[in-house]
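Peer 1: Give the three-dimensional model of this entry:
(one chain, ligands or ions: 3)
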Amino acid sequence: MSNIVLIGPMGSGKSTVGAALARRLGRPHVDSDHFFVARYGPIPDYFTTHGEKDFREREHRVVAELLDSPRPSVISLGGGAVMDERTRALLGEQMVIMLDITEEQAALRIGDGTTRPVLGDEPMEAWKRIYAEREGIYRACADMVLPADDESIETRVDTIVARLNPTPSGDDTTP
Ligand SMILES: Nc1ncnc2c1ncn2[C@@H]1O[C@H](COP(=O)(O)OP(=O)(O)O)[C@@H](O)[C@H]1O
Ligand SMILES: O=C(O)C1=C[C@@H](OP(=O)(O)O)[C@@H](O)[C@H](O)C1
Ligand SMILES: [Mg+2]
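Peer 2: Numbers count the residues shown, from 1 in each chain. Ligands and ions are numbered 1, 2, ... in the order given. As a prediction, the model looks like this:
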C-alpha cells in the first residue's frame, strides 16, 4: 500500500485536509513543512538566512525521507515541493491527490502571506503567478484531482475516501 500524498497550491488545504484524512483512515499524518520547521526552524527565517535554493534542496531531502515511511501514511507536501524533478520521480510510486482552489478561495485563506515567504509583499499577485506556473505540473503528478469547490474540510475528506474506495455500482452512498 502506498502513501497518500497531497499536492496543490498554497491555501488549498493540503495540511488541514491531510490531517483530517489521516484521522479518518487511521493512518499517520506527516506534513513536510512541519517536519522542516521542527528540524530547521521557521520557513521565513530559513529563506532570510539561506535563500530559496537551499530551502528547495533541503525540502527535497525531507520529502524523500517522509515518502520512505515504513507505514503507509498521509503526507501533505509544501506547495512548491513538486517543482523538484527528483521529488516528482519519487511521486510516481505514490497515490497523489491534487487539491485545487479558486483565486477567491486563496484570497480568503492565505491572509497576509507572512508565513509563506514566496508570496512576498503582494500575496495575491504572487499566488496567481505561481499558480499559473505550477498548475500543469500539479495536474501531471496527480492520480486524482479534487476540483475547486466550496466543500468543508470534512466533506473534502468524504470525497477523497469515496473516490479511493468506489462501490462496485459506482454509487458513493451506502444503502
Ligand atoms: N475545505 C476548506 N474549507 C474551508 N477552509 C479551509 C478548507 N481547507 C483548508 N481551509 C483553511 O485554509 C487555510 C489554509 O489551509 P492549509 O491546510 O494550511 O493549506 P495548504 O497546506 O494547502 O497551504 C487554513 O486556515 C485552513 O483551515
Ligand atoms: O508553494 C510554495 O512554494 C510554498 C508553500 C508552503 O506550503 P503550503 O503550500 O502548505 O502553504 C511552504 O512550503 C513554503 O512557504 C513554500
Ligand atoms: Mg501546508
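Peer 1: CA atoms for contacts and neighbours, from now on please.
Peer 2: Will do.
Peer 1: What residues does this protein have near ligand 2?
Peer 2: 9, 10, 11, 15, 33, 78, 79, 80, 116, 117, 118 (C-alpha under 6 Å from any ligand atom).
Peer 1: change it to 5 Å
Peer 2: Neighbours of ligand 2 within the chain, by C-alpha under 5 Å from any ligand atom: 10, 78, 79, 80, 116.
Peer 1: so what's the fourth one up against?
Peer 2: Read that as residue 80. By C-alpha atoms under 8 Å, 6 or more residues apart in numbering, the contact list for residue 80 reads residue 9.
Peer 1: what does the first one give?
Peer 2: With C-alpha under 8 Å, 6+ apart as the criterion, the residues that contact residue 10 are 78, 79, 106, 110, 127.
Peer 1: out of all of them, which helix in this protein is the longest?
Peer 2: In terms of residue count, the longest helix belonging to the chain (DSSP state H) is helix 123-141.
Peer 1: Buried residues in that helix, which are they?
Peer 2: For helix 123-141, burial by neighbour count (16 or more other C-alpha atoms under 10 Å) applies to 123, 124, 127, 128, 130, 131, 134, 138, 139, 141.
Peer 1: What would it look like as PDB? C-alpha coordinates only.
Peer 2: Only the C-alpha atoms of helix 123-141 are listed here, as PDB (Å, rounded to 0.1, in the frame of the first residue of the first chain):
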ATOM      1  CA  PRO A 123       0.500  37.900  -1.800                       C
ATOM      2  CA  MET A 124      -2.400  37.500  -4.200                       C
ATOM      3  CA  GLU A 125      -0.400  38.700  -7.200                       C
ATOM      4  CA  ALA A 126       2.300  36.200  -6.300                       C
ATOM      5  CA  TRP A 127      -0.200  33.400  -5.700                       C
ATOM      6  CA  LYS A 128      -1.700  33.900  -9.100                       C
ATOM      7  CA  ARG A 129       1.600  33.900 -10.900                       C
ATOM      8  CA  ILE A 130       2.900  30.900  -9.000                       C
ATOM      9  CA  TYR A 131      -0.400  29.000  -9.600                       C
ATOM     10  CA  ALA A 132      -0.100  29.700 -13.400                       C
ATOM     11  CA  GLU A 133       3.500  28.400 -13.400                       C
ATOM     12  CA  ARG A 134       2.600  25.200 -11.400                       C
ATOM     13  CA  GLU A 135      -0.900  24.200 -12.300                       C
ATOM     14  CA  GLY A 136       0.200  21.900 -15.200                       C
ATOM     15  CA  ILE A 137       2.800  20.200 -13.000                       C
ATOM     16  CA  TYR A 138       0.300  19.600 -10.200                       C
ATOM     17  CA  ARG A 139      -2.100  18.000 -12.700                       C
ATOM     18  CA  ALA A 140       0.600  15.900 -14.400                       C
ATOM     19  CA  CYS A 141       1.700  14.500 -11.000                       C
END
